[in-house]
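Here is my input, please return the structure:
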Amino acid sequence: MLNGIAFLIMGAAMAATPCENLTNLQLADTTITGAAVVAEGPPPKVGMFGSGAPRANIPAYCRVQLDLRPSSDSLIKMELWLPTQNWNGKFMGTGNGFFAGSVQGMAFDMPEALRLGYATAGTDTGHQDQGGDWAIGHSEKMIDFAYRSTHEMTVKSKEIVKAFYGRDADYAYFKGCSTGGRQALMEAQRYPDDYDGIIAGSCANRHIHMWTAGVARSVDLYRHPERNLTEEKASLVNRTVMDTCDTLKEGFLNNPRQCKVDFSKILCPAGKDDGTCLTAPQLKTVETFYGGVRNSKGELIFSGQALGNPIQAQRDTNQAPGAVFDIVRIAFNDPDLDWREFDLDRDMPLIDKAVGYVDAVDPDLGKFKAGGGKLLLTHGWSDTGITPETTIWYYENVLDTMGKNQGDWIRLFLAPGMGHCGGGSGVNTFDSIGTLEKWVEAGVAPDQIMGTGANGLTRPLCPYPQYADYTGTGDLKNAGNWACKDPD
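Below you'll find the model as predicted:
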């Protein structure tokens, strides 16, 4: 009799919970503010995201809205979408862009995941404002943005998935790009048990250093206007790069690291300064653009752009650095901080001490690897928003820390001609989710990923440091005429 009662109790505990009843769930530090079935139709719009051309419908789902309060100053808003039919038995967390401030995953990654049958979630990272004022004087909110919100979203989602379907998800994946790429790497570093597989694209994992480097560039031009490039001189630099490196005349560089440009060859002779050459101060601007921002000791603060990414003219060197200065204001807890007083050597260590925990740069991913986790890194070579060199920098740091032969659980793929998280004139579309699923679920590590682009372009993406090399004959747009090759 006792065994029968135990069986009935266990069966009741495993029974699925109807969507509308999910509001009755009791979860730590959580208020479920809504749970309702949404019929098949277009995905919701999120601020400026998803306001363009109509997008494909998404299937019916249970829409769960939550407020998470892991600290007394936290308010993390998140959404979890649960397919009402054809659930694939998996969960996918999604990331954000910029400083977040809304559940941006609802615009892109969550609809994609839902169409594939995933239960999927996103968060606003713990604030509902743009800019940086939300973090000044709110250290707990900054912690939420840095790492806590994504982890809390993941934990709560898994609990609700189990309640709704009556069982745990078979696999958990995370997909993020830009700030989402930072969130992805933070999960692997701080919470290695959260996900079986992670896609980290166009990683803003050096978020603090990236924004501070932007301030340093702006302040440098303010103090040294002679380093400013005119439109004519910027065009000179860009033509020099493409004439030297774009040997296939594709309009983008297949592998920028296979080319070297000696900018000193366009240095103006003494007494000359016109559109055909660069002055010594202007040459320094170009060298910083491609070589990265460094302090007076020569230490790299943030990586430079890849060759082929165009340098722009600086029109107004008296203009404030704008949004990039928010990170400095936050670090010094001062909304009225004067950007003109910024000093990279003095301030960078103080900024690191104050908010350096936002940067996801720990190269020791031993716990994630030991748990069977797979990490797929991606970046577009033509990304001018976040330099692809910073993702290479992190990947190589992982190999330096953990050993060179790590290809069974971490791989990096660079897409020629792809911009920030997509777009661009080269390879701009590829199946990262399907690639990761095969890797995690079938143990098939990706030796290449087929990429596509505009006008019928197809090309294999190769695991770094390999790159796709043209065989020398046939249509450049045909993947069959390209093969993965080790670097020279």
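
Residue 234 touches residue 312, doesn't it?
Yes. The pair formed by residue 234 and residue 312 meets the contact definition of C-beta atoms under 8 Å, at 5.9 Å. Quick note: C-beta positions are derived from backbone N, CA and C, even for glycine.

pLDDT at residue 52, what is it?
We have a pLDDT of 59 for residue 52.

What segments of the stretch 201-350 of the chain are helices?
207-223, 231-245, 280-291, 326-331, 344-355 (DSSP state H, counting those that start in this stretch).

highest average neighbour count across those helices?
Among the helices of the stretch 201-350 of the chain, helix 326-331 has the highest mean neighbour count (mean count of other C-beta atoms under 10 Å), at a mean of 24.

from the middle of its chain, how far away would that one be?
The chain centre lies 21 Å from the centre of helix 326-331; the measure is C-alpha atoms, centre = their mean, to the nearest Å.

Would you state the helices of the stretch 351-488 of the chain in chain order?
366-370, 388-402, 432-442.

Kindly format the C-alpha coordinates of stretch 79-98 as PDB.
Output in PDB follows, covering the C-alpha atoms of stretch 79-98 (Å, rounded to 0.1, in the frame of the first residue of the first chain):
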ATOM      1  CA  GLU A  79      10.600  35.500 -20.800                       C
ATOM      2  CA  LEU A  80      10.400  31.800 -21.400                       C
ATOM      3  CA  TRP A  81       8.700  30.400 -24.400                       C
ATOM      4  CA  LEU A  82       7.500  26.800 -24.300                       C
ATOM      5  CA  PRO A  83       6.300  25.100 -27.500                       C
ATOM      6  CA  THR A  84       2.800  23.700 -27.000                       C
ATOM      7  CA  GLN A  85       3.400  21.000 -29.600                       C
ATOM      8  CA  ASN A  86       6.500  19.300 -31.100                       C
ATOM      9  CA  TRP A  87       8.900  20.200 -28.300                       C
ATOM     10  CA  ASN A  88      12.300  18.800 -29.200                       C
ATOM     11  CA  GLY A  89      13.100  18.000 -25.600                       C
ATOM     12  CA  LYS A  90      15.800  20.800 -25.400                       C
ATOM     13  CA  PHE A  91      16.200  24.200 -23.900                       C
ATOM     14  CA  MET A  92      18.100  27.200 -25.400                       C
ATOM     15  CA  GLY A  93      19.000  30.400 -23.500                       C
ATOM     16  CA  THR A  94      19.700  33.500 -25.600                       C
ATOM     17  CA  GLY A  95      21.800  36.600 -25.200                       C
ATOM     18  CA  ASN A  96      21.600  40.400 -25.800                       C
ATOM     19  CA  GLY A  97      23.400  43.200 -27.500                       C
ATOM     20  CA  PHE A  98      24.900  46.500 -26.500                       C
END
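
picking up where we left off before, quick one: closest of the helices of the stretch 351-488 of the chain to residue 330.
helix 388-402 (20.6 Å; C-beta to C-beta).

helices or strands up against that closest one?
Contacts defined by 3 or more C-beta pairs under 8 Å, 6 or more residues apart in numbering; DSSP states H and E place helix 388-402 against strand 374-380, strand 410-415.

make it 10 Å
helix 179-190, strand 197-201, helix 207-223, strand 300-302, helix 366-370, strand 374-380, strand 410-415 (3 or more C-beta pairs under 10 Å, 6 or more residues apart in numbering; DSSP states H and E).

Let's test this: mean pLDDT of the first one, rounded?
Meaning helix 179-190. Rounded mean pLDDT across helix 179-190 is 98.

now do the longest one
On average, the pLDDT along helix 207-223 is 95.

now the angle between helix 280-291 and that helix, please.
For helix 207-223 against helix 280-291, the angle by axes from the mean of the first three to the mean of the last three C-alpha atoms, to 10 degrees is 170 degrees.

What is helix 207-223 packed up against?
Short answer (3+ C-beta pairs under 10 Å, 6+ apart): helix 207-223 packs on helix 179-190, helix 280-291, strand 293-294, strand 300-302, helix 326-331, helix 344-355, helix 388-402.

so which of these gets nearest residue 408?
Using C-beta to C-beta, the nearest of the helices and strands packed on helix 207-223 to residue 408 is helix 388-402, at 11.6 Å.

Alpha carbons of that closest one, as PDB, please.
Output of helix 388-402 as PDB, limited to C-alpha atoms (Å, rounded to 0.1, in the frame of the first residue of the first chain):
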ATOM      1  CA  PRO A 388      37.400  39.800 -34.600                       C
ATOM      2  CA  GLU A 389      41.000  39.900 -33.300                       C
ATOM      3  CA  THR A 390      39.600  40.000 -29.700                       C
ATOM      4  CA  THR A 391      37.900  36.700 -30.100                       C
ATOM      5  CA  ILE A 392      41.100  35.200 -31.600                       C
ATOM      6  CA  TRP A 393      43.000  36.700 -28.600                       C
ATOM      7  CA  TYR A 394      40.700  34.900 -26.200                       C
ATOM      8  CA  TYR A 395      40.800  31.600 -28.000                       C
ATOM      9  CA  GLU A 396      44.500  31.600 -28.100                       C
ATOM     10  CA  ASN A 397      44.600  32.400 -24.400                       C
ATOM     11  CA  VAL A 398      42.500  29.400 -23.700                       C
ATOM     12  CA  LEU A 399      45.000  27.200 -25.700                       C
ATOM     13  CA  ASP A 400      48.000  28.800 -24.000                       C
ATOM     14  CA  THR A 401      46.400  28.000 -20.600                       C
ATOM     15  CA  MET A 402      44.900  24.500 -21.300                       C
END
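
quick one: that helix to chain centroid distance?
15 Å.

pretty sure residue 175 is in a strand, no?
Yes. Residue 175: assigned to a strand according to DSSP: H, G, I helix; E, B strand; the rest coil.

close enough to count as contact, it and residue 431?
No. Using C-beta atoms under 10 Å, residue 175 makes no contact with residue 431, being 11.7 Å away.

mind showing which ranges of this structure have poor pLDDT?
The chain contains residues with pLDDT under 70 at 1-15, 47-54, 315-317.

List the contacts of the closest residue in space to residue 201 that isn't next to it in sequence.
Excluding its sequence neighbours, the residue lying closest to residue 201 (C-beta to C-beta, 6 or more residues apart in numbering) is residue 177, at 3.6 Å. Contact analysis of residue 177 by C-beta atoms under 10 Å, 6 or more residues apart in numbering lists 94-97, 108-109, 183-184, 199-204, 378-380, 383, 386, 420-422, 432.

now for the helices of the stretch 351-488 of the chain, which one comes closest to residue 343?
Of all the helices of the stretch 351-488 of the chain, helix 388-402 comes closest under C-beta to C-beta, at 23.0 Å.
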